[in-house]
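S.K.: below is the structure, and that's it, no one-letter string:
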């Protein structure tokens, strides 16, 4: 499992990542991981197709968002949360699909209450862009 070990599909593991050897989709996943960990909404949004669909299975207000610009706006809101931190624990892809485990934490802008969400994303990739992301998550008290 450590750095340099082999994954089942011939890719290399880097930390918690199982990313192949430089395909366009692998580069896309690396770009996305870097962008969200750096809280760069513009770079993260550039990884999505123009008409991408973002599905939130937990929050009905954000149940389905369509379009890169709306996704960019959502990411800007998430990343501007006080003390925001987004950590990608693992990410991998296979063909036109990818998955990631992540932790998003910060403080509520209303009352400064600390929060931590542990979740996973399933991505459908087409034409070297994310066509759909579905997220699943739960909260942990801090």
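M.R.: Everything's here; your move. Just so you know, these numbers come straight off a predicted model, no measurement behind them.
S.K.: hey, let's count contacts and neighbours off CA atoms from now on
M.R.: Will do.
S.K.: shaky segments in the chain?
M.R.: 1-21, 141-142 (pLDDT under 70).
S.K.: mind listing the helices for the protein?
M.R.: Listed in chain order, the helices of the chain (DSSP state H) span 24-37, 41-45, 68-79.
S.K.: the second one - contacts with which helices or strands?
M.R.: The reference is to helix 41-45. Taking 3 or more Cα pairs under 8 Å, 6 or more residues apart in numbering; DSSP states H and E as contact, the helices and strands that helix 41-45 lies on are helix 24-37, helix 68-79.
S.K.: want to throw these into a markdown table with mean neighbour count?
M.R.: Putting these into a markdown table (neighbours: other Cα atoms under 10 Å) gives the following:
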| stretch | mean neighbour count |
| --- | --- |
| helix 24-37 | 19 |
| helix 68-79 | 18 |
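S.K.: turn those helices into a markdown table, columns for distance to residue 43.
M.R.: Output for the helices and strands packed on helix 41-45, formatted as a markdown table (distance: least, Cα to Cα, whole Å):
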| stretch | distance to residue 43 |
| --- | --- |
| helix 24-37 | 6 |
| helix 68-79 | 9 |
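S.K.: so which of these gets nearest residue 96?
M.R.: helix 24-37 (8.0 Å; Cα to Cα).
S.K.: how far away is the nearest residue to residue 108 once chain neighbours are set aside from residue 83?
M.R.: The shortest distance from residue 108 to any non-neighbouring residue, by Cα to Cα, 6 or more residues apart in numbering, is to residue 114 (6.4 Å). Plainly put, residue 114 is 9 Å away from residue 83 if you go by Cα to Cα, to the nearest Å.
S.K.: neighbour count: these two, which is higher?
M.R.: Applying other Cα atoms under 10 Å to residue 114 and residue 83 shows that residue 114 carries more neighbours, namely 16 against 13.
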